[in-house]
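Peer 1: Below are the sequence and a predicted model; questions follow.
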Amino acid sequence: HFYKRMSSRALRKLQGGGGVPALGEELGEESGEELVEPVKPRNNAFNAFSLLNNGSCSESEVKEDDDVESARNASPSLQIEKKKKKRKKKTGKKLAARSSEDNLDPTDEVEASVRWVEDNVGQPVVLRKEMKEEKVNPLKKVLAIENKHLNPENEMKRIFGSRVVASEAVRHKKGRGGRPHHRAGLLVTPKPAWPPAARTGLSMRPVDSGQGGSWFTLDHSPTYQATQMRFLSAVESLNPDLIVALLNTHPMHIDSMLQLSDICKMGDDSAMAAELVERTLYALESAFHPCFSLASGTSHMDYKRQENRALFIALFRHLHFVGARACYRTALEICKVLLTLDPAVDPLAIVLLVDFYALRARCYQWLIDLYTAWNPTRNLNQLPNFSYSTALATFHLSQDTAGSTSSALLTSADSLLQEALLSFPSVLLPLLDKCSIEPHPDVMGCQYFLDSRSDPPALATLCTLYTVRTFHCWKEPEILPWLERNVMAVLDRIKAGDPRVAESVQERSTRYQGLPRNIHRHIIMSEHREALSHLPPELKEVASLAWDPLPPVNSINTYVAPDRQPTAIDDPSALRMFFRSLLPNFNPDDPLALPAPEAPAGADGGAGGGADLRNSVNSLLDAMRDLLGNLQLPEIPNEAGDEASDGEEERDPREWD
């Protein structure tokens, strides 16, 4: 018991208070007063090692008891010091809260800061500014993007059910252990077999622009630039194996995936082509700046910059693949993204495409709102796709409603369709032909609908593009009687000499003198054969690259591809393409190096070798041409000749059956 008391006292001495702290703690617990008297720190010169040499502690105990009595009677400052220490430990937060309440108003400090900001900055002024911007730009609400509609898997779940989509995802994950974990994307859901998108050399940074909103651009690291130059050399070699080899070493190279996706599409491997485009979007999305948001509508990118075009092209191809899977709502949302990325230029002419996906997604009211908000500034009524699609959307709305509203909408749909037929009469007959509908005899006898050759080539291109893309929307049974009724009404107006007929002829002859470059780019990327035939001759001869089709005239280029000399093997014939695949780098038009006049007789491996190779190739081409020209089909015996009538004329055996 003695050693315990001695050790506790020694411990209290080490803490600096001897026997006083225990008394101070009792006083600190009983007293509720708050003392703010400053206390000076004490210096204790006690040496702990001196206790080891003390054989008897009776004198020290008596001395410490005397110290305790003296502390009770004559040392209140020590009690005050310990009390303050204890109060700081137990009620420090409470004291801090009370002191803040004493120094401030009855409100909280955060509320006071918010009130000060509102008083000095003026929150109502910001609200009034936002309301003013909404009045100036009515497209902000129409083109608002919803994140849940950007991923096609969400729409697939709504169509087929979550259980079916989840089971398909589990089936793809089986046997793929050890794959890296991928971060979820906004546009696509990464697959376990994909390589990681981190540290690919892509980055994004904000740039200054005089236009509204936040503008960004993609940057390439020096390593990525070296890979890009290897890709350009592989493209110029016309050897797809080099692109595949490059993609094996750099699996997240953007342009290589886009180029290989186009090759897979030409080889009828649409699944691999779509997956490569999704990988491209995932790699691009992983490089986005933290402030860049596709769904905000205020983040923009300049198509003139060569590095930025990959995002536009990948989104354009992605919406086509998504639309082929009947995910029309997702395709419509991607159209909104492309419309807001570079709103003033619309480099891929999404204005020619957005109405189709709005009709397929049954967003009829949204299409009418877009036409109403955008027509005053963009003259959408001069485009055949919006003229016909808006009338069709209004008719669908009239069918979905009832009462007086339905009658008003039907009247409006009739007026819009008749205006479209008068403004663009060359759409009607190709549209009926695509729908496998025989025209009315009065229509076939009306010169106004037959004489479409007088339309300018630009207008003919727009009408053909709309017909081949949207004719499926006009095949519904309830639409055909409505179309027939309005066509007959237009015929009556033409016979009656309606002045709108002459105005339409004048407008079509003066407008549409040429198409801008973005519409030509749209036609090339859409790959509709009927529309491609309407391209100008100068564009048909230009080689279109899958990773950068028809670049802008004012392009800001970082990379310059080496020029490739045109060769005679570059024509589209199957035979020459076959030899081109065998000898991709051989050019028969290369000039021959003349041998030196005093060359030795044995030097046949130099220039003479090139001449012999060229002559042998030309001889082989001539031999193959003669072989194909002399091919004859064998005579096929007529097994049913005995059953034929005697009066039937005998066929020439060289004719084909």
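Peer 2: That came in fine, so what should we check first?

Peer 1: any idea how far residue 154 lies from residue 425?
Peer 2: Using C-beta to C-beta, to the nearest Å, residue 154 is found at 42 Å from residue 425. For the C-beta atoms, the positions are set from N, CA and C on the backbone; glycine is no exception.

Peer 1: Same question for residue 344.
Peer 2: 32 Å.

Peer 1: So between residue 154 and residue 425, which is more surrounded?
Peer 2: Legend: neighbour count by other C-beta atoms under 10 Å for residue 154 and residue 425, higher for residue 425 (24 against 17).

Peer 1: For the more buried one, list the residues it contacts.
Peer 2: 448-449, 452, 504 (C-beta atoms under 8 Å, 6 or more residues apart in numbering).

Peer 1: which residues sit in contact with residue 393?
Peer 2: Contacts of residue 393 by C-beta under 8 Å, 6+ apart are 358-359, 364-365, 367-368.

Peer 1: Just the buried residues of the residues you listed.
Peer 2: Buried members of the contacts of residue 393, counted by 16 or more other C-beta atoms under 10 Å: 358-359, 364, 367-368.

Peer 1: Surely residue 417 is in contact with residue 485?
Peer 2: No - using C-beta atoms under 8 Å, residue 417 is not in contact with residue 485; the gap is 9.4 Å.

Peer 1: So for those two, which residue has more residues nearby?
Peer 2: Neighbours were counted for residue 417 and for residue 485 using other C-beta under 10 Å; residue 417 has more, 24 against 11.

Peer 1: In a helix, that one, correct?
Peer 2: Yes - Residue 417 forms part of a helix when assessed by DSSP: H, G, I helix; E, B strand; the rest coil.

Peer 1: residues contacting it?
Peer 2: Residue 417 touches 388, 391-392, 395, 482-483, 486, counting by C-beta under 8 Å, 6+ apart.

Peer 1: residue boundaries of the strands in the stretch 151-300 of the chain?
Peer 2: With DSSP state E, counting those that start in this stretch as the criterion, the stretch 151-300 of the chain has strands at 202-207, 214-220, 299-301.

Peer 1: Run through who's touching the last one.
Peer 2: By that I understand strand 299-301. Contacts for strand 299-301 (C-beta under 8 Å, 6+ apart): 209, 211, 213-218, 291-293, 308, 311-312, 340-343.

Peer 1: what about burial for these, which qualify?
Peer 2: Buried, going by 16+ other C-beta under 10 Å: 215-218, 292, 308, 311-312, 340-342, out of the contacts of strand 299-301.

Peer 1: Quick check: the two most widely separated of the residues you listed?
Peer 2: Farthest-apart pair in those is 218 and 340; separation 17.2 Å (C-beta to C-beta).

Peer 1: Closest one to residue 150 out of the contacts of residue 393, please.
Peer 2: Out of the contacts of residue 393, the member with the shortest distance to residue 150 (by C-beta to C-beta) is residue 358, at 16.2 Å.

Peer 1: Assign a three-state SS to the closest one, would you?
Peer 2: helix.

Peer 1: what sits against it?
Peer 2: Taking C-beta under 8 Å, 6+ apart, one finds 332, 364, 366-367, 370, 389, 393 in contact with residue 358.

Peer 1: same thing with residue 548?
Peer 2: 255, 306, 309, 313.

Peer 1: hang on, the earlier thing: farthest pair in the contacts of residue 425?
Peer 2: Maximum distance among these (C-beta to C-beta): 12.9 Å, for 452 and 504.

Peer 1: Output the below-cut-off pLDDT ranges for the stretch 501-650 of the chain.
Peer 2: 543, 561-650 (pLDDT under 70).

Peer 1: one more time with 90
Peer 2: 509-515, 526-551, 553-650 (pLDDT under 90).

Peer 1: Likewise for the stretch 251-400 of the chain?
Peer 2: Residue ranges of the stretch 251-400 of the chain with pLDDT under 90: 263, 265-270, 294-298, 325-326, 343-344, 377-378, 400.

Peer 1: all helices of it, in order?
Peer 2: Applying DSSP state H, counting those that start in this stretch to the stretch 251-400 of the chain gives helices spanning 254-266, 270-286, 309-324, 328-341, 354-360, 364-378, 384-400.

Peer 1: Make CSV from those and add distance to residue 509 to it.
Peer 2: Listed next are those as CSV, based on distance: least, C-beta to C-beta, whole Å:
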stretch, distance to residue 509
helix 254-266, 39
helix 270-286, 42
helix 309-324, 33
helix 328-341, 31
helix 354-360, 25
helix 364-378, 22
helix 384-400, 16
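
Peer 1: before we move on, back to that, tell me which two of the contacts of residue 417 sit farthest apart.
Peer 2: Checking the contacts of residue 417 with C-beta to C-beta, the most distant pair is 388 and 482, at 12.6 Å.

Peer 1: For those two, work out which one has more neighbours and name it.
Peer 2: More crowded of residue 388 and residue 482, by other C-beta under 10 Å: residue 388, with 28 against 19.

Peer 1: Sweet, I'm off.
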